[in-house]
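A.B. asks: Test case, fold it:
(one chain, ligands or ions: 1)
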Amino acid sequence: MDARERIFKYQGLGNDFIILDRRRTGVDIDAATSRWMCDRRLGIGADGVLAILPSKNASARMVVHNADGSIAEMCGNGLRCAVKYLVDHSDENPGRIDVETGAGVLSCIPGYGDGGVIGVDISMGPARLVAPNLPSGATGKPFLDLPLPDHPELRGSAVSMGNPHLVLLDQPLEDAPRLGPVLEVHPSFPDRTNVEFVRVESDGLTVVVWERGCGLTQACGTGACASAVAAVLAKRLPADAWLRVTLPGGDLRIRVPSDLSDIRLRGPVAFVFEGVVALPSPR
Ligand SMILES: N[C@H](CCC[C@H](N)C(=O)O)C(=O)O
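C.D. replies: The predicted structure is shown next:
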């Protein structure tokens with residue numbers, strides 16, 4: 001019989017994740033297993049799986065598996081879920097938890113309420129305008145023009161939060177289902193990309209995200225950060241201020257320092273359920 005193990009479902013603004021705690025064995029899951037787990041009909045259902053593994057440099061290491069089985073460097077909503085899970089399963093209420101991610105070791109500050117951790121404030125590290133997972137032409141310019149078959153040339157901002165983002169300021173939000181899948185696989189991005197459709201408002205942003213490896217999601221933490229960075233670079237919103245970013249699932253708060261050195265992300269998180277699943281042993 002396949003090995004049975006406990007799984008935990010958490011969500012941040014409706015961006016939902018299955019957590020697998022593999023700190024004892026250090027064994028991650030493969031792409032086929034994460035695809036099955038995320039399948040909302042044949043499996044458990046989620047935008048992704050977060051494997052919690054041992055770390056030499058932090059309390060734990062988080063590996064982000066997208067619903068299509070691909071691995072992402074970083075996930076802002078997922079990290080809030082992982083931090084709540086770690087506190088829920090410890091005897092303390094720490095003031096800070098460091099977690100190792102594909103974007104480095106990130107410091108997280110849990111916010112406590114009646115139900116334990118109800119929100120997390122993350123120092124997301126730097127936003128990068130030049131990175132191996134961004135277009136080679138993205139030489140630190142805030143904008144790049146993307147040739148697209150049968151679409152007027154799009155002007156977007158390529159921003160890496162560890163994972164790649166193409167931010168389209170003032171692109172109609174309703175274009176996301178049509179243009180998102182086309183831009184996700186734009187050849188300028190070596191490892192595909194997340195795509196943000198952004199309406200800039202006087203006091204913040206409204207954003208719809210087509211996520212790499214997931215499609216449309218209710219919220220995207222790194223996407224909210226990348227969108228705020230693009231708006232600050234374009235001088236449409238102020239640096240060094242907490243900005244509202246409204247997504248279909250609700251609001252996140254983002255703070256972009258003028259040097260882009262450490263982007264701050266603040267938002268809610270919730271436990272959904274715990275279960276037992278028979279996972280195929282790793283092939
Ligand atoms: N699909 C993303 C990872 C999840 C990011 C998102 N859920 C967040 O909260 O940052 C990628 O392939 O880069």
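
A.B. asks: and the closest residue to Leu205 other than its chain neighbours, how many residues sit next to it?
C.D. replies: Using Cβ to Cβ, 6 or more residues apart in numbering and skipping residues adjacent in sequence, the residue nearest Leu205 is Val245, 4.9 Å away. C-beta here means a position set from N, CA and C on the backbone, and glycine is covered the same way. By the criterion of other Cβ atoms under 10 Å, Val245 has 27 neighbours.

A.B. asks: same deal with the one 4 residues further on?
C.D. replies: Taking other Cβ under 10 Å as the neighbour definition, Gly249 ends up with a count of 19.

A.B. asks: ok so, going back, I would like the residues contacting whichever helix or strand the residue nearest to Leu205 is part of, please.
C.D. replies: Element membership for Val245 (DSSP states H and E) is strand 242-247. The contact list for strand 242-247 (Cβ atoms under 8 Å, 6 or more residues apart in numbering) reads 13, 203-209, 218-220, 224, 227-228, 231, 237, 251-256, 264, 266.

A.B. asks: what does stretch 47-59 give?
C.D. replies: Against stretch 47-59 from outside (Cβ under 8 Å, 6+ apart): 15-23, 26, 28-29, 33-34, 37-38, 60-67, 72, 75, 78, 81-82, 85-86, 97-100, 105, 211, 213-214, 217.

A.B. asks: Val99 and Gly116, how far apart?
C.D. replies: 17 Å (Cβ to Cβ, to the nearest Å).

A.B. asks: Looking at the two, which one has more neighbours?
C.D. replies: Neighbours were tallied for Val99 and for Gly116 using other Cβ under 10 Å; the higher tally belongs to Val99 (22 against 13).

A.B. asks: of the contacts of strand 242-247, list those near the ligand.
C.D. replies: Cys220 (Cβ under 6 Å from any ligand atom).

A.B. asks: Give me the buried entries from the contacts of strand 242-247.
C.D. replies: The neighbour count (16 or more other Cβ atoms under 10 Å) marks 13, 204-209, 218-220, 224, 227-228, 231, 237, 251-256, 264, 266 as buried among the contacts of strand 242-247.

A.B. asks: Assumed Ala231 was part of a helix.
C.D. replies: Yes: under DSSP: H, G, I helix; E, B strand; the rest coil, Ala231 falls within a helix.

A.B. asks: what's near enough to touch it?
C.D. replies: Ala231 neighbours (Cβ under 8 Å, 6+ apart): Leu169, Val198, Val200, Leu205, Leu237, Leu243.

A.B. asks: Bridge partners for the closest residue to Val63 other than its chain neighbours, pull those for me.
C.D. replies: Leaving aside its sequence neighbours, Val63 sits nearest to Ala51 (Cβ to Cβ, 6+ apart; 4.3 Å). Assessed by DSSP bridges, Ala51 has beta-bridge partners Leu20, Val63.

A.B. asks: What count of nearby residues applies to Pro190?
C.D. replies: Neighbours of Pro190 (other Cβ under 10 Å): 13.

A.B. asks: pLDDT value on it, please?
C.D. replies: Model confidence at Pro190, expressed as pLDDT, equals 95.

A.B. asks: can you tell me how far it sits from Pro164?
C.D. replies: 8 Å.

A.B. asks: Kindly report the residues of the stretch 151-283 of the chain close to the ligand.
C.D. replies: Asn163, Asn194, Glu211, Arg212, Gly213, Cys214, Cys220, Gly221, Thr222.

A.B. asks: repeat that for 5 Å
C.D. replies: Neighbours of the ligand within the stretch 151-283 of the chain, by Cβ under 5 Å from any ligand atom: Asn163, Glu211, Arg212, Gly213, Cys214, Cys220, Gly221, Thr222.

A.B. asks: residue boundaries of the strands in the stretch 1-150 of the chain?
C.D. replies: In the stretch 1-150 of the chain, strands defined by DSSP state E, counting those that start in this stretch lie at 3-12, 15-21, 48-53, 60-66, 71-72, 97-101, 104-113, 116-123, 144-148, listed in chain order.

A.B. asks: Point out the most buried one among those.
C.D. replies: Mean neighbour count (mean count of other Cβ atoms under 10 Å) peaks for strand 15-21 among the strands of the stretch 1-150 of the chain, with a mean of 25.
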